[in-house]
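J.: all I have is the shape, not the residue letters:
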């Protein structure tokens with residue numbers, strides 16, 4: 001019988017200037033994309049973080065990197081942006097750039113890679129999700145009236161979940177063909193989303209300063225990480241792998257690490 005996680009125990013904090021997006025390579029290794037700002041270094045890139053809060057550069061650049069996603073055979077996808085221009089870059093597990101291409105002009109947000117190497121990229125401007133292979137070839141576009149200003153995305157056992165900031169902020173569950181399966185709209189501002197091996201969903205409720213867990217197609221929900229566990233900061237990005245959970249805090253340069261228990 002599957003035991004679902006119900007508690008998050010604080011493991012430690014790691015300070016990463018400009019931290020913006022999270023993705024686990026495995027339960028012991030987290031990738032953190034970083035952006036350049038007034039309070040951050042003059043270089044962006046991706047930082048590799050272990051669960052004992054040690055960090056090292058995965059790669060550095062003079063660009064800001066707003067999204068990171070890990071895929072099969074160690075592939076790492078990152079998105080950098082200058083104004084509305086977005087480049088997608090694919091790196092090997094050793095930090096070497098393999099390929100890059102330019103995305104259509106728009107406000108691209110989160111992305112995720114499936115086991116077959118399909119890369120799903122949210123485009124909030126065009127209200128769609130574009131699907132590429134890891135060479136940059138566009139395979140298809142997922143679009144329907146329920147996908148309004150898609151922000152961040154994760155894979156489930158049956159398809160995708162995506163956070164949307166349209167007329168009503170919501171979490172939308174989709175099949176891989178784009179059919180809406182269910183939705184959850186108890187948010188004022190929703191951001192990062194992740195899914196664990198039990199198909200339970202973790203989503204950042206920014207305004208309420210908490211990470212919510214959703215199970216049974218949204219029928220069961222509860223606050224897994226509350227404001228007191230976040231020192232009253234706003235969660236923005238979340239990642240999960242095995243029994244490890246990572247939460248990036250908005251405008252705080254801190255990533256909080258947790259161990260999940262039943």
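T.: Thanks, I have the structure now. Note that the structure is predicted; figures quoted are calculated from it, not measured.
J.: pLDDT weak spots in this structure?
T.: For the chain, residues meeting the criterion pLDDT under 70 lie at 1-2, 38-41, 82-85.
J.: let's see that with 50 instead.
T.: Across the chain, nothing is flagged by pLDDT under 50.
J.: which elements pack onto the host helix or strand of residue 48?
T.: Here residue 48 sits within strand 44-50, counting by DSSP states H and E. For strand 44-50, the packing partners by 3 or more CB pairs under 8 Å, 6 or more residues apart in numbering; DSSP states H and E come out as strand 29-34, strand 55-61, strand 65-70, strand 76-82. C-beta: built from backbone N, CA, C; applies to glycine.
J.: buried residues in the last one, which are they?
T.: What it means is strand 76-82. For strand 76-82, the buried set under the neighbour-count rule, 16 or more other CB atoms under 10 Å, comprises 76, 77, 78, 79, 80, 81.
J.: tell me the one among those nearest to residue 159.
T.: residue 77 (19.4 Å; CB to CB).
J.: just to revisit the earlier point, got TSV for the buried residues of strand 76-82, with distance to residue 142 too?
T.: Shown next, in TSV, are those (distance: CB to CB, whole Å):
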residue	distance to residue 142
76	23
77	17
78	21
79	18
80	23
81	21
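J.: got the phi and psi for residue 73?
T.: phi 60, psi 30 (degrees, to the nearest 10).
J.: give the burial count for it, as a bare number.
T.: 8 (other CB atoms under 10 Å).
J.: the closest residue to residue 43 other than its chain neighbours: neighbouring residues, count only.
T.: Among residues not flanking residue 43 along the chain, residue 60 sits closest, at 4.8 Å (CB to CB, 6 or more residues apart in numbering). Per other CB under 10 Å, the neighbour tally for residue 60 reads 15.
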